[in-house]
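Colleague: Prediction below, plus the sequence it came from.
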Amino acid sequence: MTTKGAASPWRDPVALLAVPAVLYLLVVYAFPLLWLFMKSLTGPTGLTVQPYVSFLSDPFNWRIVGNTLRVAGWVTLVCFLIGYPAAFALARAGALLQIVMLVSIILPLSIGAVVKAFAWQIVLRRDGVVAQLLVGVGIWDEPQRLLFTETGLVLGAANIFLPFMILPIYSVVKLINPRLSEAGATLGATPLYRFTHVTLPLTLPGVVSGVAFVFSMSVSMFVIPSLLIGDRFQTLSTLMGRSFLLMRNEQLGSTTAVILLVLAVSIVVGSTWLARRLGGSAT
Amino acid sequence: MTSDSFLDVAGAEKSFGGVTVLGGVDLEVAAGEFISLLGPSGCGKTTLLRIVAGLLAADRGTIRLDGEEIGARPPHRRDVGVVFQNYALFPHLTVAENIAFGLKARKHPAGEIGPTVRRFLSLVRLTDFADRSVRALSGGQQQRVAVARALAVKPKLLLLDEPFSALDRKLRENMQIELRRLLRELGITAVFVTHDQDEALTMSDRIAVMNRGAIEQLAEPATIYRSPATAFVLEFVGLSSRLNGTVVGQDHDHVIVDTAFGPLRAAGSFVTGAPVVLAVRPERIKVNTGGDYALVARLRDAVFQGSKVQLHFEAKDGDHLMVETADLSDGLPPPGTEMRLSWAVADTLIYPAS
């Protein structure tokens, strides 16, 4: 099995298939990113790290970072708690039901986030469905407004990003042999032990990609918080948007963008690394 | 319900969507015994195994193991180990971790787990593979891990679901002997599911031949082979010459049957005119020996099989006439040769025609 592995990627023609994607990403993504990065480091008198120093020394900005990470964390957690069992239901459902469920998960992706966020505005109003339901069930004494609250934002964003949690977990669950859990049972393992020692480690790769998807999308969401919580609640994305669009402060905008990127990438990479360590060689 | 049986399945019934897969099966297994459930696919043998393991709930019936009713217990509280058809090893764990899984799940003290794992690794001769990923093992090695994993928790009963079906023939024969030795050494009671009659004949203390959700015969291998209880058992286990005929007369405790090769005798009691099948195991038939012979037949084909030769003779539709002989002194006779075939009346089996 050593003969193939030693081949140089340059001599393997399959590597050429990635060329269009690499070129495209270079032009529309890597170069603009580099430009943005340079912009954040360029002051009136040349190269400077002053924008970063002043950004990080302002406690107001730390609150914004906190807002961003807290909301993204909650959205990811809610998506995981709902999406993980849903992925199992999907993977173990009969053929016809599975198609129906898949369509009902994928089809909403074709509706833009703006439309869905507007729909959530209606749902989260004081006289909206959620408030009426909670009053009807008796959890609330009188209807309250969820719109323009953090809870409302998390609820709406989790709904919009949920498919990105379900689908990667589903694709991993489908590959797991159902006999494995049975084997655990005949060895004397309780259902809980089977879950924590067989099912969870084996589904970890799917969980890692689902979490990476949802977290990176919710840490950088812009339209959804604008519509569901408004300008009072600042995140790194909304700050970045305001800097470019309203304040015309390109330096603050690009500095915020770079900080957001570094935060998001390091959290996603870090949690992936942690999960792989905890789960052993689960891939 | 006899008290000395270690496993006692009584009246086990199961149907899926109106289709009966198991129709009231009784099975008693003594402690330390090795029983095979032998039958074609769809006969209900795997269903019975899954019911005993607790992986499937029976519609009706009781299961007693070591004096306790276990029918209502979940699988993890039954003390019944299973070796699955495709082994179902945990792909994220090493060989040693797979074997340790049950011990850890049962919260054995850590100081006990290491020695037990090492003991079972050496029992299945995988000591050098302890830290390998199970995905890096060959089929035979995976099978041994599955056996060691199931036995390490010292189950009261071991169930094996066609554990050799994925192995090639040579390896399979070695593994059969090895498994048998291991189970004997540990004194484990085992129920073994297979559709391979050779496997069942070589390994079992007793064989339960299953057909359409019922046990047709439960007996020692030699009894199953020499005196099959039903025409199904005869056909499923081993080869046989079979001639259709009609009973034309009774002579003391024998009947005379009219066949395409003339009248033949067999021990039994049937009413005159009854359609029957006569059968003889092919190695019980002698070719061209002196003395009284039963019939003359024309050779259709001779098949050389190493230690023996199979001779197939011309027969009418529905009949099947074949002989196995080890005597090759005259070389393979050419097709068309007329030969005299004879056998003892005691070797003649008779069944009502189905």
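Modeller: Nice, thanks for sending it over.

Colleague: make it CA atoms for all contacts and neighbour counts henceforth
Modeller: Noted.

Colleague: any idea which residue sits dead centre in chain B?
Modeller: Computing the C-alpha centroid of chain B and ranking residues by C-alpha atoms, centre = their mean puts B:Ala200 first, at 3.1 Å.

Colleague: check contacts around the nearest residue to B:Ala208 once chain neighbours are set aside.
Modeller: Using C-alpha to C-alpha, 6 or more residues apart in numbering or on different chains and skipping residues adjacent in sequence, the residue nearest B:Ala208 is B:Leu218, 4.2 Å away. Applying C-alpha atoms under 8 Å, 6 or more residues apart in numbering or on different chains to B:Leu218 gives the contacts B:Arg206, B:Ile207, B:Ala208, B:Val209, B:Ile224.

Colleague: could you dump the helix or strand that the second one is a member of to PDB, C-alpha only?
Modeller: The one in question is B:Ile207. Taking DSSP states H and E as the definition, B:Ile207 sits inside strand B:206-211. Extracted C-alpha coordinates of strand B:206-211, given in PDB (Å, rounded to 0.1, in the frame of the first residue of the first chain):
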ATOM      1  CA  ARG B 206     -26.500 -31.700  18.700                       C
ATOM      2  CA  ILE B 207     -28.100 -30.100  15.600                       C
ATOM      3  CA  ALA B 208     -31.500 -28.600  15.400                       C
ATOM      4  CA  VAL B 209     -32.600 -28.600  11.700                       C
ATOM      5  CA  MET B 210     -35.000 -25.800  11.200                       C
ATOM      6  CA  ASN B 211     -37.500 -25.300   8.400                       C
END
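
Colleague: Parallel or antiparallel, which strands does that strand pair with?
Modeller: Partner strands and pairing direction for strand B:206-211 (DSSP bridges) are strand B:34-38 (parallel), strand B:214-219 (antiparallel).

Colleague: ok, residues contacting it?
Modeller: Contacts with strand B:206-211, where a contact means C-alpha under 8 Å, 6+ apart, come from B:34-40, B:43-45, B:200-201, B:215-221, B:224, B:232-233.

Colleague: now swap in stretch A:56-73 and tell me
Modeller: With C-alpha under 8 Å, 6+ apart, stretch A:56-73 has contacts from A:Phe55, A:Glu150, A:Leu153, A:Val154, A:Phe215, A:Ser218, A:Val219, A:Phe233, A:Gln234, A:Thr235, A:Leu236.

Colleague: quick revisit: out of the contacts of B:Leu218, which is most surrounded?
Modeller: If you count neighbours using other C-alpha atoms under 10 Å in any protein chain shown, the busiest of the contacts of B:Leu218 is B:Val209, which has 29 neighbours.

Colleague: Okay, that one and B:Val276: tell me how far apart.
Modeller: Going from B:Val209 to B:Val276 by C-alpha to C-alpha, to the nearest Å gives 22 Å.

Colleague: before we move on, what about B:Val248?
Modeller: 11 Å.

Colleague: Common neighbours of these two, please.
Modeller: B:Val257.

Colleague: Between the two, which is the more surrounded one?
Modeller: Taking other C-alpha under 10 Å, B:Val248 and B:Val276 do not tie; B:Val276 has more neighbours (20 against 17).

Colleague: and residue 244, helix, strand or coil?
Modeller: Because you didn't say which chain, this covers chain A. helix (DSSP: H, G, I helix; E, B strand; the rest coil).

Colleague: My question was about chain B, not that one.
Modeller: Strictly by three-state DSSP, B:Asn244 counts as strand.
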